[in-house]
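Undergrad: Okay, here's the prediction I keep looking at, along with the sequence it came from:
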Amino acid sequence: MEADLHITENLIIPGAELWATASLSGGAGGQHVNKVSSRITLYWQVVASTALTESQRAQLMARLSSRISTDGVLQVSSDTHRSQHRNRALAREKMAALIAAALKTLPRRIPTRESRAVHRRRLDTKRRRGTVKQLRRPPDTGRE
């Protein structure tokens, strides 16, 4: 069983809802990689969590839809370190950061309009560029 995972001061995921598995880590590392299960994959079932409100659950499901399986399980892996203990800590940090970022509310964008001067400058630049390109063309001799 995992320890509780603190996401924000208002959101704490109980350790009973988290589980981890260890597996062989790929990449460089010589013989150590072939015989030690140092990769940690941390799992959390978002759809059955008691720590979330319904609006938080919907927001997580929408924002992390590519990271959540069809069973509603969020999965985060870490195999950066050679130590299983350090990879477990890193996976917990990754999951906390991922959930916190997904739950952060984005400010509403206030649509703005470009000023008349900016609009005019942009069109003048386009016109000048078109003239330069026209002058680069070979002269039309009228033969054909």
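TA: Perfect, I can see it now. Numbering: from 1, shown residues only.
Undergrad: roughly how far out does the helix or strand of the chain with the lowest mean pLDDT sit from the chain middle?
TA: None of the helices or strands of the chain scores lower by mean pLDDT, DSSP states H and E than helix 31-35, at a mean of 77. On the basis of C-alpha atoms, centre = their mean, to the nearest Å, helix 31-35 sits 31 Å off its chain's mean C-alpha point.
Undergrad: after that helix comes which helix or strand?
TA: The C-terminal neighbour of helix 31-35 among helices and strands, as given by DSSP states H and E, is strand 39-45.
Undergrad: what about the most centrally placed residue in the chain, distance to T80?
TA: Central residue of the chain (C-alpha atoms, centre = their mean): L98, 7.1 Å from the mean position. When distance is defined by C-beta to C-beta, to the nearest Å, L98 is 16 Å away from T80. (Glycine included, C-beta is placed from N, CA and C.)
Undergrad: With just CA atoms, put the helix or strand hosting the residue nearest to the centre of the chain into PDB.
TA: In this assignment (DSSP H and E), L98 forms part of helix 84-103. Only the C-alpha atoms of helix 84-103 are listed here, as PDB (Å, rounded to 0.1, in the frame of the first residue of the first chain):
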ATOM      1  CA  GLN A  84      13.500   1.300  -7.400                       C
ATOM      2  CA  HIS A  85      13.000   3.600  -4.300                       C
ATOM      3  CA  ARG A  86      14.000   6.800  -6.200                       C
ATOM      4  CA  ASN A  87      11.900   5.800  -9.200                       C
ATOM      5  CA  ARG A  88       8.800   5.300  -6.900                       C
ATOM      6  CA  ALA A  89       9.300   8.800  -5.500                       C
ATOM      7  CA  LEU A  90       9.800  10.300  -9.000                       C
ATOM      8  CA  ALA A  91       6.600   8.500 -10.200                       C
ATOM      9  CA  ARG A  92       4.600   9.900  -7.300                       C
ATOM     10  CA  GLU A  93       6.000  13.500  -8.100                       C
ATOM     11  CA  LYS A  94       5.100  13.100 -11.800                       C
ATOM     12  CA  MET A  95       1.500  11.900 -10.900                       C
ATOM     13  CA  ALA A  96       1.000  14.800  -8.500                       C
ATOM     14  CA  ALA A  97       2.200  17.300 -11.000                       C
ATOM     15  CA  LEU A  98       0.100  15.900 -13.800                       C
ATOM     16  CA  ILE A  99      -3.100  15.900 -11.700                       C
ATOM     17  CA  ALA A 100      -2.400  19.400 -10.300                       C
ATOM     18  CA  ALA A 101      -1.800  20.800 -13.900                       C
ATOM     19  CA  ALA A 102      -5.000  19.100 -15.200                       C
ATOM     20  CA  LEU A 103      -7.100  20.500 -12.300                       C
END
